[in-house]
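Undergrad: Have a look at this fold, sequence not included:
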């Protein structure tokens, strides 16, 4: 009597296990599953299909990750767009609730940026925004979150930063932006002077992401008024 536990015994009459293998391979639509001989070739084909599927999954995963990156990134600058920034800010707020830690937010807006676009063109203005995004990213910690909210407005979330810490960071950022020359590659190496106003707020338990952003925007406007009064 044939041993039904052996899937391939070389006998002309298929064993129970051989029939099961053939049924499985046929259900999976594997090449060679209809063969009446031992299904080793079909099993080889199955392994090949598994390998192809794994490669296809890897390719799709890479494309999905790229699509997610494109969906999160600002269309111009190498930072988060508004939607992605608010999502990340909400996550940080949840962590603050859980771990009872601090969180501060900077809201930065360029001064007289419309005049730059009107006088030098949008290509120069875009280059300033790209350069500024790079400057902000390189000026903060790896754990901080930088996003472009639209136009010439940027925000930076500072996890575990107290209000005094955030104020010091805002002061340093405004000073570095005020003193630098921008868009050198778009202005024959000469560069332009621009200014920036930066609002600062610290999260409390009543704030969600939108509310915190609105408060930071309001504080930024106060700073901008003061800077204009001083001729900045």
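TA: Looks like it came in fine. Quick caveat, the model's predicted, so the values are computed rather than measured.
Undergrad: quick one, strands of the protein?
TA: Using DSSP state E, the strands assigned to the chain run over residues 103-111, 145-150, 153-159, 195-202.
Undergrad: Tell me what angle the shortest one forms with strand 103-111.
TA: Relative orientation of strand 145-150 with respect to strand 103-111: 40 degrees, computed using axes from the mean of the first three to the mean of the last three C-alpha atoms, to 10 degrees.
Undergrad: Report the angle between strand 145-150 and strand 153-159.
TA: Using the same axes, to 10 degrees, the direction of strand 145-150 lies 160 degrees away from that of strand 153-159.
Undergrad: Any regions of this structure where pLDDT drops low?
TA: Scanning the chain for pLDDT under 70 picks out 1-14, 30-45, 59-70, 232.
Undergrad: per the record, what domains does it have?
TA: 16-72, 82-229 (automatic domain parsing).
Undergrad: Make CSV out of the strands of the chain and add distance to residue 186 and mean neighbour count.
TA: In this view, the C-beta of every residue, glycine as well, is placed from N, C-alpha and C. Formatted as CSV, these follow (distance: least, C-beta to C-beta, whole Å; neighbours: other C-beta atoms under 10 Å):
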stretch, distance to residue 186, mean neighbour count
strand 103-111, 15, 24
strand 145-150, 18, 22
strand 153-159, 19, 24
strand 195-202, 18, 23
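Undergrad: Could you export those to a markdown table, including columns for distance to residue 129?
TA: Below are those laid out as a markdown table (distance: least, C-beta to C-beta, whole Å):
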| stretch | distance to residue 129 |
| --- | --- |
| strand 103-111 | 8 |
| strand 145-150 | 7 |
| strand 153-159 | 9 |
| strand 195-202 | 12 |
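Undergrad: Looking at these, which is nearest to residue 77?
TA: strand 145-150 (5.0 Å; C-beta to C-beta).
Undergrad: packing partners for that closest one?
TA: Applying 3 or more C-beta pairs under 8 Å, 6 or more residues apart in numbering; DSSP states H and E, one finds that strand 145-150 contacts helix 82-99, helix 122-138, strand 153-159.
Undergrad: how about residue 130, what does it touch?
TA: With contacts defined as C-beta atoms under 8 Å, 6 or more residues apart in numbering, residue 130 is in contact with 76, 77, 78.
Undergrad: most surrounded residue in those?
TA: Highest neighbour count within the contacts of residue 130: residue 77, with 21 neighbours (other C-beta atoms under 10 Å).
Undergrad: so what's it closest to, chain neighbours aside?
TA: In this structure, residue 77 finds its nearest non-sequential neighbour in residue 133, 3.6 Å apart by C-beta to C-beta, 6 or more residues apart in numbering.
Undergrad: Please apply the same query to residue 160.
TA: Closest to residue 160 by C-beta to C-beta, 6+ apart is residue 101, at 5.3 Å.
Undergrad: so the one you found touches residue 95, yeah?
TA: Yes - contact criterion C-beta atoms under 8 Å: residue 101 and residue 95 qualify, at 6.8 Å.
Undergrad: Give the residues shared as contacts by the two.
TA: If you check residue 101 and residue 95 against C-beta under 8 Å, 6+ apart, the residues they both contact are residue 159.
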